[in-house]
Structures are given as structure tokens and as C-alpha cells.
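Novice: Mind looking at a prediction? Sequence and model below.
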Amino acid sequence: MEILPKWADRILIPIIGVTISLVISAIIILLIGESPIEAINLMITGALGSTYGWGYTLYYTTNFIFTGLAVSVAFHARMFNIGGEGQASIGGLGVAIICLSFGWSHWFPALLAATLSAALFGALWAAIPAYLQAKYGSHIVITTIMFNFIGAAILNYLLVNVMRPTGSMDPATAKFSTEIKLPSLHDILEVVGISFSKAGPANVSFLIALAACVLVWLFIWHTRWGYQIRAFGHSESAAVYAGILPFKIIMVSMLISGALAGMMAINNVMGEAERLIMNSTEGAGFIGIAVALMGRNHPLGVLLAALLFGFLYQGGAELAMWTTIPRELIVVIQALVILFTGALENMIRTPLEWLWIKSTRGKG
């Protein structure tokens, strides 16, 4: 039985968890010999204090939105998809094939084709672990994390032996045509008279990520399939009794999850690198797990959590550049956020529930 109101569960508990994480991080910074106040100020200034910083913050945010949505869709069916890293990598392969195989003369049709290809490749990569669980009972956590390594090995082979341009020593594809360079946020906002830095990597895929949030919300909460996925996630036996087929739910939810993770590649492969390189995902598939947990698997929560982690990534880069604080501290902060918003959530929830019961009884 739920004791706390929804606003407390979805907003207050994550805020308290993040606050505790930041307090502990401040103590660590003090032990390093730096000022926590100056560190926070530098992070805010570097990530949010200019349109240049916003460009990088929103670039990272875009990646985390896609992978966070991927984890959340699967989790609504009570499946823990840890394969976002591999699905995003294989999605990048789909983007590269489309961008290099046709003589595109404009970015828009190339973007449509690359988005569909990234979604298809990501979905197909997720379909194999999904089928193994639906048909043979293989645990989705084990198979998806194994497929991360398989996907990385396949990409390494292709980039070194197949897709690398002749004479190049760099394990990467050739640069995509300049005709299909995606519009940056500077280009988009300039149309409406808003000044924005040209240097940041944020591009039109951020708008696609926002649209994905809306579409996932409509799908999960306003369609029959979304209702079946949530029903299956709450109680598999009750869902089966109601005529919902587990095989269909597992396959559909994982296909959508993989497609969302694969679509991340339009941002980092087509938008930023403009070619497929090794380790193009840079861990965003794993950060998506934290984003989904903190965002309570709701698209709005995922968006806000992705923005927080985008801030941490860009702010952490500023810390590493201008202070003696190591870049790895941001990994520590991320781990603390995951710890207090996920694993130790009940440590926060239990006293809040006690306070809520006490306050409501007092009113009675």
C-alpha cells in the first residue's frame, strides 16, 4: 500500500537523495583540499553559465534521454535492460551504413533514414536477448550485458577490417558528407532570433529526444499495448489470467527499448563525430540506468534526470580542467546519486512515511 502521495514519491525522495549525494561529495572535495562552494560555482558556471556550456550539457542530456527512456520502457514490463550500451553502439552502425551508402544532398532525408536505421539496428540487437528470455527463460540482465561486449567486438572488427578507409590508421569510418551535417542548436535558434554558441555539439537530435519523451508517455499511458506492458510488469500471473501473452509483451517492450537506445546514435555519430568511431557511446548506455531510476521511469522524470547528469558531465569536465579535483569524482557523484535514489531509497522513504503518518494523524 502506498503511504506517501505521488508528488513525494516522484519528486521529494529523488531531491533528498541528490541532496545527500551532493553533501557527501562536498565532504570528499574538502578532504581533497578544494572548496566545495568554489567547485559547485565552477560546475554551474561551466555547464550552465554560457550558451557554450549549455551546448555541451544538452548534448550529453540528449544521449541520456534516449538511453534513460530505453531502460524505463523495459522496466515497465519488469525487465532490466542493461544492454543500452551495446544497442546504442549497433545503432551507430546503422547510422553509418545509411550515411555512407547513399549520395545524400540534404540533411533532412538523411536524418529520417538514419533515425529509422538506428532504431531498427538497436531493436534487432535487443530482440535476441528478448527472444532468449521469452522462449527459453534466459535472464535478460545476463544476456543484455553480454551482448554489450559482443556488440563492441563486432564494431571493433568492422572498424578495423571492413569500414576503415584505405590508408587510414584510425579505426573509424570515413567522415560523412558535409551535405548531411545536422543543424546545431545555434542554427535552429538563430531562425527565431535567439543567440546561441556555434561551438557546442548540441544539435537537432535534442528536439527528437524531446519528441521521444512525449511519444513514450503517450504509448505507455495512453495505448492498449502500453496498458498491457504495465499490467504485465505489476503482475505477470494476473496479466496472463487476463489473456495477455508474455511472449508478446517481452518482445514488444524490448524492441522499443532497443530502438530508443539505438536512436542515441543520431546525436553522437551523425551529429557530433560525423563518423562512426570506437567507443562512441562513452558509457551513456549505463548512465541511462541511473537516469531511469532517478526519473521513476516516467518520461518527464527521465528528462529532468538526464539534464542533471548532463550538467554533471559538463561541470565535471570544467572541474578537471581548472582545479586539482580529478575527473573521476563525477563518477563518484553519479554512483552516490544512484545509491541514494535507487539502492538506498528505503533509507529515505521510511522516515518520510513515518513523518507523513504522524502528520496526517495529528490533523485527524
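Specialist: Alright, I've got the coordinates.
Novice: just checking, residue 71 touches residue 254?
Specialist: No - under the criterion of Cβ atoms under 8 Å, residue 71 is not in contact with residue 254, lying 11.3 Å apart. (Glycine included, C-beta is placed from N, CA and C.)
Novice: intersection of neighbour lists for the two?
Specialist: Counting by Cβ atoms under 8 Å, 6 or more residues apart in numbering, the contacts common to residue 71 and residue 254 are residue 81.
Novice: for this structure, what's the longest helix?
Specialist: helix 107-136 (DSSP state H).
Novice: Distance of the nearest residue to residue 217 once chain neighbours are set aside relative to residue 233?
Specialist: Leaving aside its chain neighbours, residue 217 sits nearest to residue 299 (4.5 Å; criterion: Cβ to Cβ, 6 or more residues apart in numbering). Residue 299 sits 16 Å away from residue 233, taking Cβ to Cβ, to the nearest Å as the criterion.
Novice: Which one of those two is surrounded by more residues?
Specialist: Shown here are residue 299 and residue 233; by other Cβ atoms under 10 Å, residue 299 has more neighbours (24 against 18).
Novice: Touching stretch 279-290 from outside, list them.
Specialist: 60, 63-64, 66-71, 82-89, 92, 148, 152, 261, 264-265, 268-269, 273, 305, 309, 334, 337-338, 341-342.
Novice: Figure out the length between the terminal residues of that stretch.
Specialist: For stretch 279-290, the first-to-last residue distance is 20 Å (Cα to Cα, to the nearest Å).
Novice: Ok, stretch 278-288 next?
Specialist: Taking Cα to Cα as the criterion, the two ends of stretch 278-288 lie 19 Å apart.
Novice: what does the average pLDDT come to for that stretch?
Specialist: Averaged over stretch 278-288, pLDDT sits at 90.
Novice: related to what we said a few turns ago, pLDDT of the very next helix or strand once past the longest helix of the chain, averaged?
Specialist: Remark: after helix 107-136, the chain's next helix or strand is helix 140-161, criterion DSSP states H and E. Average pLDDT, helix 140-161: 95.
Novice: which secondary structure elements does helix 140-161 contact?
Specialist: Applying 3 or more Cβ pairs under 8 Å, 6 or more residues apart in numbering; DSSP states H and E, one finds that helix 140-161 contacts helix 84-101, helix 107-136.
Novice: Could I get those in TSV, plus columns for distance to residue 328, mean pLDDT and mean neighbour count?
Specialist: Below are the helices and strands packed on helix 140-161 laid out as TSV (distance: least, Cβ to Cβ, whole Å; pLDDT from 0 to 100; neighbours: other Cβ atoms under 10 Å):
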stretch	distance to residue 328	mean pLDDT	mean neighbour count
helix 84-101	19	96	28
helix 107-136	29	97	21
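Novice: Any chance of a markdown table for those helices, columns distance to residue 144?
Specialist: Below are the helices and strands packed on helix 140-161 laid out as a markdown table (distance: least, Cβ to Cβ, whole Å):
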| stretch | distance to residue 144 |
| --- | --- |
| helix 84-101 | 7 |
| helix 107-136 | 5 |
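Novice: Isn't residue 177 up against residue 99?
Specialist: Yes - contact criterion Cβ under 8 Å: residue 177 and residue 99 qualify, at 7.5 Å.
Novice: on that earlier part again, can I have the buried ones of the contacts of stretch 279-290 as a ChimeraX selection?
Specialist: Applying 16 or more other Cβ atoms under 10 Å to the contacts of stretch 279-290 leaves a buried subset, and the ChimeraX line that selects it is:
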select :60,63,64,66,67,68,69,70,71,82,83,84,85,86,87,88,89,92,148,152,261,264,265,268,269,273,305,309,334,337,338,341
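Novice: What helix or strand is residue 62 located in?
Specialist: Assessed by DSSP H and E, residue 62 sits inside helix 51-76.
Novice: Do I have it right that the residue nearest to residue 217 meets residue 221?
Specialist: No - with contact defined as Cβ under 8 Å, residue 299 does not reach residue 221; the gap is 9.3 Å.
Novice: ok, residues contacting stretch 119-139?
Specialist: 79, 81, 83, 86-88, 90-91, 93-94, 140, 143-144, 147, 151, 246-247, 250-251, 253-263, 265.
Novice: That should have said stretch 60-68, apologies.
Specialist: Where contact means Cβ under 8 Å, 6+ apart, the residues beyond stretch 60-68 that reach it are 84, 88, 202, 205-206, 209-210, 212-213, 260-261, 263-264, 267-268, 281-282, 284-285, 287-289, 291-292, 295, 302-303, 305-307, 309-310, 313-314.
Novice: one more time with 7 Å, if that's ok
Specialist: With contacts defined as Cβ atoms under 7 Å, 6 or more residues apart in numbering, stretch 60-68 is touched by 84, 88, 205-206, 209, 212-213, 260-261, 263-264, 267-268, 284-285, 287-288, 291-292, 295, 302-303, 305-307, 309-310, 313-314.
Novice: Can you flag which of these belong to helices?
Specialist: Among the contacts of stretch 60-68, the members found in helices (DSSP H) are 84, 88, 205-206, 209, 212-213, 260-261, 284-285, 287-288, 291-292, 302-303, 305-307, 309-310, 313-314.
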